[in-house]
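**Q** I would like to see how this sequence folds:
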Amino acid sequence: MLTVDFDRFPVGPGDRVLDMGCGGGRHAFALLRRGAHVTALDMDAAELKDVAGMFTAMRDEGEVPEGATAAAVRGTAYALPFADATFDYVVCSEVLEHLPQDSRAMAELTRVLKPGGLMAVTVPRWGPELVCWALSSAYHEAEGGHVRIYRGTELLRRLTAVGLEPVESHHTHALHSPYWWLKCAVGVTDGDNPAVKAYHRLLVWDMMKAPRLTRMSEKLLDPFIGKSLVHYLRKPSRAAA
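**A** Numbers count the residues shown, from 1 in each chain. Reported below is the predicted structural model:
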C-alpha cells in the first residue's frame, strides 16, 4: 500500500532517493523497482534487517532494474548521516507525527535534498485522526505512538518555514479510515474481533486485486475521509534563491 503517488512524484532511473523512517520498506521497494538509488533509513534495527533482506530477494528475483542500488541505514531524523544536497527526492511517510522535535527533522530533510529536488511528506489527516484519538487513548498513547495531529495548513506552513515551496497536495486511503475507527472502538489490540477481521480481509482483498468498484469508491471518498494527507514540496534552486 503506497501513500505517495508516483504520478506526482516522478522518480526515475538513476535518481538518488531517501526514504526517511522507512519502516517495513513499502516505499523503498517501490522506489527501487523504478530504478532509483534508494537509501532506506530508520532507527529500528530489526525492521532494517528485514528491509535489507527484501532488497536482496528483489535482486535475486530480477525485480531490480540494471544500475539501481539500495542500502538500509540506521539513523535518526534529527541528525541525518548524509552531506548537504545528497538526494534528488526525499520521502517522509507517516513519520513526523511520531517525532517530538518534528521541526528539527523537517530542517534535516530539507538540508539533504538537492536544490530543485522534490519531497513527499505524508501524515495522518486531521479529521479521521481526531476520531481515532477520541475513540481510544491507547491508539496514540503507546510508546512511540502519535504525539500530535496536524492540520494540513499548519503542516504546510511549517514545511515552508524550513525553505520548501508547496507544489500540490491530496488525500488518500479513505477505505482505511473506517477500519481504524472500528479498531479504536473495539480496542486497538483486539485483533480477534470479528468485525475488525472481516474489514481487514476486505482491505487485503482490495490491495491484492484492486477491483474497479473499490478503487472508484475510494477515489470518490478520499477528499472527505482520506486517512492520509500528502504534501509535495520543492526545494528552491540556487538561482531562484
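
**Q** Does anything pack onto the helix or strand bottoming out on mean pLDDT in the chain? Which helices or strands?
**A** Every helix and strand of the chain was ranked by mean pLDDT, DSSP states H and E. The lowest is helix 138-141, at a mean of 87. Helix 138-141 sits against helix 126-135, helix 176-186, with contacts defined as 3 or more Cβ pairs under 8 Å, 6 or more residues apart in numbering; DSSP states H and E. All C-beta atoms are positioned from the backbone trio N, CA, C, and that covers glycine.

**Q** Let's have those in CSV, adding distance to Lys235, mean pLDDT and mean neighbour count.
**A** Output for the helices and strands packed on helix 138-141, formatted as CSV (distance: least, Cβ to Cβ, whole Å; pLDDT from 0 to 100; neighbours: other Cβ atoms under 10 Å):
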stretch, distance to Lys235, mean pLDDT, mean neighbour count
helix 126-135, 25, 96, 17
helix 176-186, 30, 95, 19
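
**Q** Could you export the ones you listed to JSON lines, including columns for distance to Ala85?
**A** Putting these into JSON lines (distance: least, Cβ to Cβ, whole Å) gives the following:
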{"stretch": "helix 126-135", "distance to Ala85": "32"}
{"stretch": "helix 176-186", "distance to Ala85": "35"}
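
**Q** between these, which gets nearest to Arg234?
**A** helix 126-135 (23.8 Å; Cβ to Cβ).

**Q** can I get the CA coordinates of that closest one in PDB?
**A** Taking Å, rounded to 0.1, in the frame of the first residue of the first chain, the C-alpha atoms of helix 126-135 are listed here in PDB:
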ATOM      1  CA  TRP A 126      -6.700  15.800  10.900                       C
ATOM      2  CA  GLY A 127     -10.300  14.700  10.800                       C
ATOM      3  CA  PRO A 128     -10.000  10.900  10.700                       C
ATOM      4  CA  GLU A 129      -7.100  11.100  13.200                       C
ATOM      5  CA  LEU A 130      -9.200  13.200  15.600                       C
ATOM      6  CA  VAL A 131     -11.900  10.500  15.600                       C
ATOM      7  CA  CYS A 132      -9.300   7.800  16.400                       C
ATOM      8  CA  TRP A 133      -7.900   9.900  19.300                       C
ATOM      9  CA  ALA A 134     -11.500  10.400  20.600                       C
ATOM     10  CA  LEU A 135     -12.300   6.700  20.500                       C
END
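
**Q** Report the angle between it and helix 176-186.
**A** Angle of helix 126-135 versus helix 176-186, following axes from the mean of the first three to the mean of the last three Cα atoms, to 10 degrees, is 10 degrees.

**Q** which residues are contacting helix 126-135?
**A** 124, 139-140, 146, 149-152, 177, 180-181, 184-185, 225-227, 229 (Cβ atoms under 8 Å, 6 or more residues apart in numbering).

**Q** Contacts only, for the residue nearest to Pro178 when sequence neighbours are not counted.
**A** Nearest residue to Pro178, sequence neighbours excluded (Cβ to Cβ, 6 or more residues apart in numbering): Tyr199, at 7.1 Å. Applying Cβ under 8 Å, 6+ apart, we find Tyr199 in contact with Pro178, Tyr179, Leu182.

**Q** Doesn't Tyr199 belong to a strand?
**A** No: counting by DSSP: H, G, I helix; E, B strand; the rest coil, Tyr199 is not part of a strand but helix.

**Q** Going forward, the N-terminal residue is numbered 210.
**A** In the new numbering, first residue 210, that becomes Tyr408.

**Q** list the contacts for the spatially most central residue of the chain?
**A** By Cα atoms, centre = their mean, the mean C-alpha position of the chain lies nearest to Ser302, the distance being 1.8 Å. With contacts defined as Cβ under 8 Å, 6+ apart, Ser302 is in contact with Thr212, Val213, Asp228, Gly230, His236, Ala329, Val330, Thr331.
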